[in-house]
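S.K.: structure for this input, please:
(2 chains)
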2 protein chains.
Amino acid sequence: MNTKMLNEREIEFLLYELFDTDALFTRSRYQDHDRTTFKEVIQTAKNVAEKHFLPLRHTLDNQQPTFDGEKVHIIPELKPALDALNESGLPSATADYEFNGMQLPPIVANLAGVYLTIAGGTALGYSMLTTANANLLQAHGSDELIEKWVKPLRDGRFAGTMAMTEPDAGSGLADLTTSAVKADDGSYRITGNKIYISGGDHNLSENIVHLVLARVKGAPKGVKGISLFVVPKYLVNNDGSLGDRNDVALAGLFHKMGGRAQTSTALSFGEKGGAIGYLVGEENHGLAYMFHMMNEARIMVGTSGAALAMGGYQYSLEYAKNRPQGRLPSCKDPLSPPVNIIEHADVKRMLLAQKAYAEGALALVMLGSQLSDDEKTAQTKEQRAYAHTLLDLLTPVIKTWPSEYGTKANDFAIQVLGGAGYVNEHPIEMFYRDNRLNPIHEGTTGIQSLDLLARKVPMGSMQGYQALMAEINDTIKDATSHEALNDYCQRLRSAVATLNHTTDKLLTAMGNSRTEGAESIDQVLANSVHYLSMFGHVVVAWLWLKQAKIAATTLPNANHESEQHFYQGKLQAAQYFYRYELTQIQQWASLLNELDDTCHQMQANWF
Amino acid sequence: MNTKMLNEREIEFLLYELFDTDALFTRSRYQDHDRTTFKEVIQTAKNVAEKHFLPLRHTLDNQQPTFDGEKVHIIPELKPALDALNESGLPSATADYEFNGMQLPPIVANLAGVYLTIAGGTALGYSMLTTANANLLQAHGSDELIEKWVKPLRDGRFAGTMAMTEPDAGSGLADLTTSAVKADDGSYRITGNKIYISGGDHNLSENIVHLVLARVKGAPKGVKGISLFVVPKYLVNNDGSLGDRNDVALAGLFHKMGGRAQTSTALSFGEKGGAIGYLVGEENHGLAYMFHMMNEARIMVGTSGAALAMGGYQYSLEYAKNRPQGRLPSCKDPLSPPVNIIEHADVKRMLLAQKAYAEGALALVMLGSQLSDDEKTAQTKEQRAYAHTLLDLLTPVIKTWPSEYGTKANDFAIQVLGGAGYVNEHPIEMFYRDNRLNPIHEGTTGIQSLDLLARKVPMGSMQGYQALMAEINDTIKDATSHEALNDYCQRLRSAVATLNHTTDKLLTAMGNSRTEGAESIDQVLANSVHYLSMFGHVVVAWLWLKQAKIAATTLPNANHESEQHFYQGKLQAAQYFYRYELTQIQQWASLLNELDDTCHQMQANWF
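M.R.: The predicted structure is shown next:
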């Protein structure tokens, strides 16, 4: 089935109606850009996606990389596709001109990336991790490191990875044991094992630059003793040419449920005496640097969740429009021709849910992209600080909500296709499998929920939280003038009140948790996942009210039928979200407000 | 990781505490049995599962069958495993002695089957479909058909399939077009294409018996013109020996997300002039016969959903008990050793959810097994009719709830393992993929929900519905004496009231739907999926109250610590279900009571 990956009208809507991307042209960094260059970049991404990745999608999923004990084998078609991507300049779209970048705003680059993710899935991971790796080094590396590593990374000659997880330290980074010993020449010798390293070995680039978390001998235990190192697959001579193989070996490949285009590796560092590594920044500050990459990666993960949701939505929509099957309950003639399944209310429900999730998630991750831009390039210091505060608060939500609900969207897409959704003759079950990693990597949903409730919400006297609520209230005020939106305004006002009440209750309980007789902090945080769900639903409901406001304002003046349909669809999806989704928060709020102890009290030996 | 598939204590609990299986010994059909024979059969199933299927599980998933244009290739280890299964006699466990059966009650046979499903997944499908095929023929075939086909099916020499779906008729059976023409010898010539036929071709048995739905030339259109035929892969001579190849050809294999042990085939009947078929029963009654097999298959699907949920629950439980990672929020010493992840409240939540889903689903499908037995072997005609009525009502719930929530359970199991859950070095992601078919085949969740609301609930002046509600009220009355269960009794009473109110509202609206100005039947049924969700949650809450009642009664007298833990676990899972799950029905009830028209009103061109 030949189907469009993305509705192009949605891109225009995001850039110029929901977000005021025009305003970026006044920033000096973006002075060379205009709507035309943005359009061209997005068109380029679409072309690369269609020409180079879409034809490989099925094969990449079916023929995952293999390891013969010496080398990794990846289907040979992938390298030319990645080369074409590098030639397009897209991987460095947001980078500075001096690093051969385009100085594009992240919101545009990330929207362009949606096409690539739908077409290439984790094949793009090789490139995305490389960019994030370069960004970290550029922010925290010495001039020497930047000169030696960032340029080839930006050019796509080298690829990058992020080597954190160890067999005994996944979510618990405090316990990682990979060690580093300083050598006389100022470099370090790295020894240890890392697992689930995406793109940890392959033959797609000249070299691989691992960013490795390790402990310098004698460093404090726990997270305060973690340092970050550049550990390349091949050493690089001073003239930039490749030198010897470093002491980094591939121990094996993992075989994943999805995301099969990208190798997931177990790596051994230092089996032959120590891999040579170069310290990034200062010793014992490694985790803070890694969070630079991690926060960026968390927005990427959310974007992947949203992109795959979009891909599944468009595909199942097209299928539903063209697949005749069954009759409506009202049909009095059982011999009449079958209707297309999009006419069945339950199929509409599954498509509306996908639309509400996918477009809601995409709006959320684009907000994240915009804030990550604003924190660096907004005009005033106050604006930059404001963006930073808001993004810091929202990062666990931006990472998690699109991952969880994007995966649910793909699940609905499978169900729309029925048996066809379950077979790999259609790409839907692959979208699902690819997406299912997103609630796991870069911090599981459980970890994100603790980060949100225990850290991000209370942080800075709740400055971020208050700012977000003020933004939401502004939107409600702004929308109240539309009679058609009154119901949503009221529902959102009430949801915000519920969230405020719950937040207050939980923060008070956290404060009291050391008092005798009070609930323990373990019990107070026991339902934090539901707090994240509630918080995420309020944020996405806010973004849907913004979208509905635009639709309600523009619809009366829309002349073209297709424009009318577009805005009608926005209004109906908002209605779906408010009636079928936002209504769920009451149940979560009750569990949270009661500090329900069912899970906390459960004992290991009762299972 | 070596982990038990199933908690054996749970089997005892189901057979002799939740269900009164002892009472079956008084039925003449089961007079040769006692607890010992039941135990032996279940032990046999466990042995066969562990010895023959568990070692193949990973390979069967990784090396799915291939088709070289002529033959299907399946890993050679499967045939001896299926032969061992046939030798054990388990596939004919419920069959009559005269067909080499064991005359075991379905509840015992199906519990034994849980081990096989966890170990072999859809490899067991070859055998299960064969049994269901034989059951249908035995119920509706002529003596001649029974003599010729049922015996070799029961012996496992022949395999059986169920050939309904066509490329243009999946859920809409009314539109199937495979045709049958009567020949002079009384047999028929079948022509047409069938897809998604499980076990449609392979080399695992001497012959394959397809039960094919087709239209006899000149038959009425729609479902009233469908007949059922035996169409074998090889013709069979009168002496029982195999004759010529019939005109049935494998057109291709589908590649499924899961369930990869079993071929899913596209079959062409009659490319060379017509496949020879033998009519089952009378012309034009085929769909009714097929429903014999389908209703049985629907309980099997539910059982598969529950079994895979159990498998994932046990595995992730074992993992969580042995995987150290992170510290509790209350831990004041970041350098203390990490705890096993089962100590984290959010991991307990995901395990409790699995326990509540898996054990709730297993209780539900065992209720279905018991009713399917009672409708045939209960002492009085009234008891048999009562069981039939209740089973008829519950079939869509028995099929759907374990499929939907069993899949959710597996999703939680993935999340408990984190990255390890996403790789096929552990079986969890396979359980998920295997389970994901269950909400699709044998009638999708959407189809089941229409069957429940529009057909099963109103049927027979709501006789089945009233009977179920009376059963639930009896349980509530029975449990009220336990103070610890008061809260659940109150919650379930209120849930039943909500269900009654909603049912009344919807049935009234259905009745009025032809009245001018009233909501159309399409709108009234638009949220039927949520009706099924609500109905299913009430039924499972009922079964959890029954379990909690037993636990509350037995716990004070339990001497062994392990017994105490078992009942504590039952009580805590019941608490989880009542607080975290049953509370969701309010939201569904609101949508249903308001006859919410969001989905119904959505237009195809607004998407």
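
S.K.: check the secondary structure at whichever residue of the stretch 401-550 of chain A sits closest to chain B for me.
M.R.: Using Cβ to the nearest Cβ, A:Ala526 is the residue of the stretch 401-550 of chain A that sits closest to chain B, at 3.7 Å. Any C-beta I mention is one placed from the backbone N, CA and C, and that applies to glycine too. Following DSSP: H, G, I helix; E, B strand; the rest coil, we place A:Ala526 in the coil state.

S.K.: neighbours around it, how many?
M.R.: 27 (other Cβ atoms under 10 Å in any protein chain shown).

S.K.: could you report the pLDDT at A:Tyr234?
M.R.: As summarised for this prediction, A:Tyr234 has a pLDDT of 98.

S.K.: cool, A:Phe99 as well?
M.R.: 88.

S.K.: A:Arg436 and B:Gly419 touch, don't they?
M.R.: No. At 11.6 Å, A:Arg436 and B:Gly419 do not qualify as touching, with contact defined as Cβ atoms under 8 Å.

S.K.: the nearest residue to the residue of the stretch 401-550 of chain A closest to chain B once chain neighbours are set aside and B:Ala573, how far apart?
M.R.: Of all residues beyond its chain neighbours, the one nearest A:Ala526 is B:Ala345 (3.7 Å), with distances taken as Cβ to Cβ, 6 or more residues apart in numbering or on different chains. Here the distance between B:Ala345 and B:Ala573 works out to 16 Å (Cβ to Cβ, to the nearest Å).

S.K.: would you confirm that the residue of the stretch 401-550 of chain A closest to chain B contacts A:Leu591?
M.R.: No. Checked against Cβ under 8 Å, the pair A:Ala526 and A:Leu591 is beyond contact range at 9.3 Å.

S.K.: give me the distance between the closest residue to A:Asn473 other than its chain neighbours and A:Leu468.
M.R.: With Cβ to Cβ, 6+ apart as the criterion, A:Asn473 has its nearest non-adjacent residue at 7.2 Å, and that residue is A:Val496. Distance from A:Val496 to A:Leu468, counting by Cβ to Cβ: 10 Å.

S.K.: okay, now A:Lys217: neighbour count?
M.R.: The burial metric for A:Lys217, expressed as a neighbour count using other Cβ under 10 Å, is 11.

S.K.: pLDDT score for it?
M.R.: The predicted local confidence for A:Lys217 comes out at a pLDDT of 93.

S.K.: which residues of the stretch 351-500 of chain A fall in helices?
M.R.: Using DSSP state H, counting those that start in this stretch, the helices of the stretch 351-500 of chain A run over residues A:381-417, A:428-435, A:445-450, A:459-480, A:486-512.

S.K.: between those helices, which gets nearest to B:Leu54?
M.R.: helix A:428-435 (24.1 Å; Cβ to Cβ).

S.K.: let me know the average pLDDT across the closest one.
M.R.: Averaging the model's pLDDT scores along helix A:428-435 yields 98.

S.K.: what packs against that helix?
M.R.: helix A:57-62, helix A:286-322, helix A:381-417 (3 or more Cβ pairs under 8 Å, 6 or more residues apart in numbering or on different chains; DSSP states H and E).

S.K.: remind me what the first one packs against, helices and strands.
M.R.: It refers to helix A:57-62. Applying 3+ Cβ pairs under 8 Å, 6+ apart, one finds that helix A:57-62 contacts helix A:106-120, helix A:428-435.

S.K.: how distant is it from the center of its chain?
M.R.: On the basis of Cα atoms, centre = their mean, to the nearest Å, the separation between the geometric centre of helix A:57-62 and that of its chain is 22 Å.

S.K.: just give me the neighbour total for A:Asp143.
M.R.: Around A:Asp143 there are 7 other residues, counting by other Cβ under 10 Å.

S.K.: what's the pLDDT at it?
M.R.: According to the model's per-residue confidence, A:Asp143 sits at a pLDDT of 96.

S.K.: now do it against A:Asn86, distance only.
M.R.: In this view, A:Asp143 and A:Asn86 are 24 Å apart by Cβ to Cβ.

S.K.: how about A:Gly312?
M.R.: With distances defined as Cβ to Cβ, the gap from A:Gly312 to A:Asn86 amounts to 28 Å.

S.K.: now do A:Thr36
M.R.: Summarising the geometry, the distance separating A:Thr36 from A:Asn86, computed by Cβ to Cβ, is 24 Å.

S.K.: between those two, which is the more surrounded one?
M.R.: For A:Thr36 versus A:Asn86, the count of surrounding residues by other Cβ under 10 Å is larger for A:Asn86: 18 against 8.

S.K.: how would you label the more buried one: helix, strand or coil?
M.R.: Three states are possible here, and by three-state DSSP the one that applies to A:Asn86 is helix.

S.K.: who's in contact with it?
M.R.: A:Asn86 sits next to A:127, A:155-156 when contact means Cβ atoms under 8 Å, 6 or more residues apart in numbering or on different chains.

S.K.: of all those residues, which comes closest to A:Tyr357?
M.R.: Relative to A:Tyr357, the closest of those is A:Ser127; by Cβ to Cβ it sits at 26.1 Å.

S.K.: now the element after the helix or strand harbouring the closest one, going C-ward?
M.R.: A:Ser127 belongs to helix A:125-140 when elements are defined using DSSP states H and E. The C-terminal neighbour of helix A:125-140 among helices and strands, as given by DSSP H and E, is helix A:143-145.

S.K.: give me the contacts around that next one.
M.R.: Outside of helix A:143-145, the residues that reach it under the criterion Cβ under 8 Å, 6+ apart are A:137, A:230, A:278, A:280.

S.K.: excluding sequence neighbours, find me the nearest residue to the residue in the stretch 1-150 of chain A positioned nearest to chain B.
M.R.: For the stretch 1-150 of chain A, the residue closest to chain B is A:Asn62, as judged by Cβ to the nearest Cβ, at 7.9 Å. Across the structure, with Cβ to Cβ, 6+ apart as the measure, the residue nearest A:Asn62 apart from its sequence neighbours is A:Asn424 (7.0 Å).

S.K.: kindly tell me how buried the one you found is, as a neighbour count.
M.R.: Other residues lying near A:Asn424 total 16 when counted by other Cβ under 10 Å.

S.K.: just the pLDDT at it, thanks.
M.R.: Here the pLDDT value assigned to A:Asn424 is 95.

S.K.: how close does the residue of the stretch 101-250 of chain A at minimum distance from chain B sit to B:His344?
M.R.: Sorted by distance to chain B under Cβ to the nearest Cβ, the residues of the stretch 101-250 of chain A start with A:Gly172, at 4.2 Å. When Cβ to Cβ is applied, the distance between A:Gly172 and B:His344 equals 11 Å.

S.K.: what number of residues lie near A:Pro556?
M.R.: Burial of A:Pro556 is recorded as 8 neighbouring residues (other Cβ under 10 Å).

S.K.: any idea whether it is helix, strand or coil?
M.R.: Under three-state DSSP, A:Pro556 falls in the helix class.

S.K.: now do the same contact list for the residue lying closest to A:Lys71 once chain neighbours are set aside.
M.R.: Excluding the flanking residues, the one nearest A:Lys71 by Cβ to Cβ, 6+ apart is A:Asn203, at 7.1 Å. For A:Asn203, the contacting residues are A:71-72, A:74, A:79, taking Cβ under 8 Å, 6+ apart as the criterion.
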